[in-house]
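Chemist: this is a predicted model, with the sequence first.
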Amino acid sequence: MSKYIEKVLADVKAKNANEPEFIQAVEEVLSTLAPVIEANPQYEKAAILERMVEPERTVMFRVPWVDDNGVVQVNRGYRVQFNSAIGPYKGGLRFHPTVTLSVLKFLGFEQTFKNSLTTLPMGGGKGGSDFNPRGKSDGEVMRFCQSFMTELSRHIGADTDVPAGDIGVGGREVGYLFGQYKRLRNEFVGVLTGKGRPFGGSLVRPEATGYGTVYFAQYMLEKLGQDIKGKTVALSGFGNVAWGAAQKLVQLGAKVVAISGPDGYIYDEKGMTQEGVDYMLELRASNNDVVEPYAAKFGAKFVKGRKPWEVKCDIAFPCAIQNELNGDDAKMLVENGCMMVVETSNMGCTADAVNYLNGRVAFAPGKAANAGGVAVSGLEMSQNSMRLSWSADEVDAKLKDIMKSIHDNAYDTAEKYGMKGNYVAGANLAGFIKVADAMVAQGVC
Ligand code: 2IT
């Protein structure tokens, strides 16, 4: 690591000592940047790293709402506008009890590099709330979303900051948020992505993160002279992302043997069928956050309270939440013959796990592999600006092209800097260079 990087990292740790997830994300990126930092003294001169680790703006606000019993509830809302060097802030909203400023700063920081990799003009941002949608009625979710947007609407805009979904925020929530924005601002614009079809949503957006991560895996396998057909796959999660991945994997002839929820995991030795994939949507809609019912319905095994990384698989796709796959899980996967891990959740693997896996197996970092979701959000923004709508085939073809560009950019950049096959370094370097050059060109701001 260069002296400059060490100094910035030490400052980040001192200044944000109570933000472990943010520190983890910064360390993961900065520890790979030495080759470009050393070759480009203009970055240090312009204090690019010091500026990149500080969000341009952070908004924190009270979200009061009334529950079905008439009781006033208060949650905390956030929007972290991290970096607008290459486009308006762009990134999802997460509604989950684990949401803290540290979590949203790590997500906004990662989003900046991810969005840079997509080839589209989007800056990085992230927001959300510690609101837990689990068990809430539709009316409660609507009132919460309206209150959240009442404050958020002052800070976003189609050319300023364009939020979307993330964990706990899907089509329903985006609809309520959009309705409230339109009402407050009296304008119908593409201020959110992941909207419903009738009001400007893009085809393929719901599937995009999951499809994209599988396309990315296919491009990696191609480099290794292998095919995804016939591969045994373990997924974690059963939400929107895991569903999209499962759908594409089943279409391509992979054998999906595991999905998981907070209650445990499902082991389906025969491999998931299209009916199983469709049933994931029903589980999701039940709003109970459990996968157990899948077992009885499809004659599969339910393993309570455990993670799916103990099953034998060729490829693992963590699709749930940050730090869901740790060093011990990584060792278990490798011992069981796993040859590829495609991080699909943001920072799904702990630093230990990444260090263990990267090089031992083909390892795809989340900011590259899961960028298909935000990429199709970028395509939704384009369609909204042009006031037209592309067909599903058109969007899917563009998504595939974008995932190929991301793959090749990460692969070629790693090779250029003498780290062939290291997608972690390649993605960080490629994502960084574009943002850094834009920042240098725009002066001190
Ligand atoms: O982590 C992510 O990239 C997302 N949650 C999607 C963000 C977006 O703006 O579509």
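Modeler: Ah, there it is.

Chemist: now the helix or strand containing residue 432: buried residues?
Modeler: Per DSSP states H and E: residue 432 is located in helix 423-441. For helix 423-441, a neighbour-count test (16 or more other CB atoms under 10 Å) marks 423-440 as buried. Any C-beta I mention is one placed from the backbone N, CA and C, and that applies to glycine too.

Chemist: contacts for that helix, please.
Modeler: With CB atoms under 8 Å, 6 or more residues apart in numbering as the test, helix 423-441 has contacts from 28-29, 32-33, 35-36, 40, 42-43, 46, 48, 51-52, 83, 85-86, 112-114, 116-117, 220, 354, 358, 362-365, 367-368, 406, 409-415, 417, 419.

Chemist: residue boundaries of the strands in the stretch 101-250 of the chain?
Modeler: All strands of the stretch 101-250 of the chain, identified by DSSP state E, counting those that start in this stretch, fall at 124-129, 161-164, 232-235.

Chemist: now those as TSV including mean neighbour count, distance to the ligand and mean pLDDT?
Modeler: Below are those laid out as TSV (neighbours: other CB atoms under 10 Å; distance: least, CB to the nearest ligand atom, whole Å; pLDDT from 0 to 100):
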stretch	mean neighbour count	distance to the ligand	mean pLDDT
strand 124-129	30	8	98
strand 161-164	25	3	99
strand 232-235	26	17	98
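
Chemist: if we can go back for a sec, now which of the contacts of helix 423-441 would you call buried?
Modeler: So, of the contacts of helix 423-441, 28-29, 32-33, 35-36, 40, 43, 46, 48, 52, 83, 85-86, 112-114, 116-117, 220, 354, 358, 362-365, 367-368, 406, 409-411, 413-414, 417, 419 end up buried under the neighbour-count rule (16+ other CB under 10 Å).

Chemist: quick check: residue 387 vs the ligand, distance?
Modeler: Applying CB to the nearest ligand atom, to the nearest Å, the value for residue 387 to the ligand is 20 Å.

Chemist: residue 214 now?
Modeler: Distance, residue 214 to the ligand, by CB to the nearest ligand atom: 16 Å.

Chemist: and for residue 158?
Modeler: The gap separating residue 158 from the ligand is 13 Å, by CB to the nearest ligand atom.

Chemist: in this protein, which residue is most central in space?
Modeler: Central residue of the chain (CA atoms, centre = their mean): residue 346, 4.5 Å from the mean position.

Chemist: tell me the phi and psi of that residue?
Modeler: When read as degrees, to the nearest 10, the backbone of residue 346 gives phi -70, psi 120.

Chemist: how many other residues sit next to the nearest residue to it once chain neighbours are set aside?
Modeler: Nearest in space to residue 346, with sequence neighbours left out and distances taken as CB to CB, 6 or more residues apart in numbering, is residue 366 at 5.1 Å. When neighbours are defined as other CB atoms under 10 Å, residue 366 has 23 of them.

Chemist: let the chain start at 665 from now.
Modeler: Taking 665 as the first residue, the last one we looked at is residue 1030.

Chemist: right, is the helix holding residue 1096 up against the ligand?
Modeler: No. Figure legend: helix 1087-1105 not in contact with the ligand (CB under 6 Å from any ligand atom); closest approach 12.8 Å.

Chemist: starting at the chain centroid, how far to that helix?
Modeler: Computed by CA atoms, centre = their mean, to the nearest Å, the chain-centroid distance of helix 1087-1105 equals 18 Å.
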